[in-house]
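Undergrad: Return atomic coordinates for the entry below.
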Amino acid sequence: MVGSSIGYESFDLSIKWVAVGIESIAIGIIVAGALATIIIFVVRAVKEGAFDESYRRFRSDFGKAILLGLEFLIASDIVGTVAIGPTFTDLGVLALLVVIRTFLSFTLELEISGRWPWEKTGAGRESKP
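TA: This is a model prediction of the structure:
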């Protein structure tokens with residue numbers, strides 16, 4: 001039984017490292033997205049002189065980077081919580097995190113596209129690029 005206990009501990013540790021790796025990817029996406037969109041914003045604003053258009057595109061592009069990072073953070077939370085013998089408290093915290101991050105994703109999507117994710121762009125509606 002001691003050998004199986006060691007096996008479970010190393011599995012738990014491996015899963016925790018996978019979750020940390022996914023979190024690191026999420027943070028990297030958000031930071032890289034922020035830096036890239038800031039640089040692109042400044043270049044567009046200076047080169048094209050159209051501050052309003054550059055700002056609108058900056059917000060859209062940066063929002064997309066945040067959305068992608070949030071997706072990875074949700075995946076990390078799921079891997080880190082569900083794979084390692086979760087308690088009811090762990091599942092409750094996971095559910096709360098997923099609800100908060102999903103709400104943030106929906107509101108960011110609404111901010112970026114001007115419509116809810118489940119709404120399709122129809123002939124009568126114009127979609128913002």
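Undergrad: Now residue 93: closest residue in space that isn't a chain neighbour?
TA: Closest residue to residue 93 apart from its sequence neighbours, by CB to CB, 6 or more residues apart in numbering: residue 81 at 7.4 Å. In short, each C-beta sits where N, CA and C put it, glycine included.
Undergrad: was I right about residue 67 contacting residue 106?
TA: No. Counting by CB atoms under 8 Å, residue 67 does not reach residue 106; the two are 9.8 Å apart.
Undergrad: out of those two, which sits in the busier spot?
TA: Remark: of residue 67 and residue 106, residue 67 carries more neighbours, 19 against 14, as counted by other CB atoms under 10 Å.
Undergrad: before we move on, which element is the more buried one in?
TA: In this structure, residue 67 sits in helix 51-82 according to DSSP states H and E.
Undergrad: and the helix or strand following that helix, what other elements does it pack with?
TA: Following helix 51-82 in sequence order, the next helix or strand is helix 88-113 (DSSP H and E). The contact analysis (3 or more CB pairs under 8 Å, 6 or more residues apart in numbering; DSSP states H and E) places helix 88-113 against helix 51-82.
Undergrad: which parts of the helix it packs on are buried?
TA: 54, 57-58, 61-70, 72-74, 76-77, 79-81 (16 or more other CB atoms under 10 Å).
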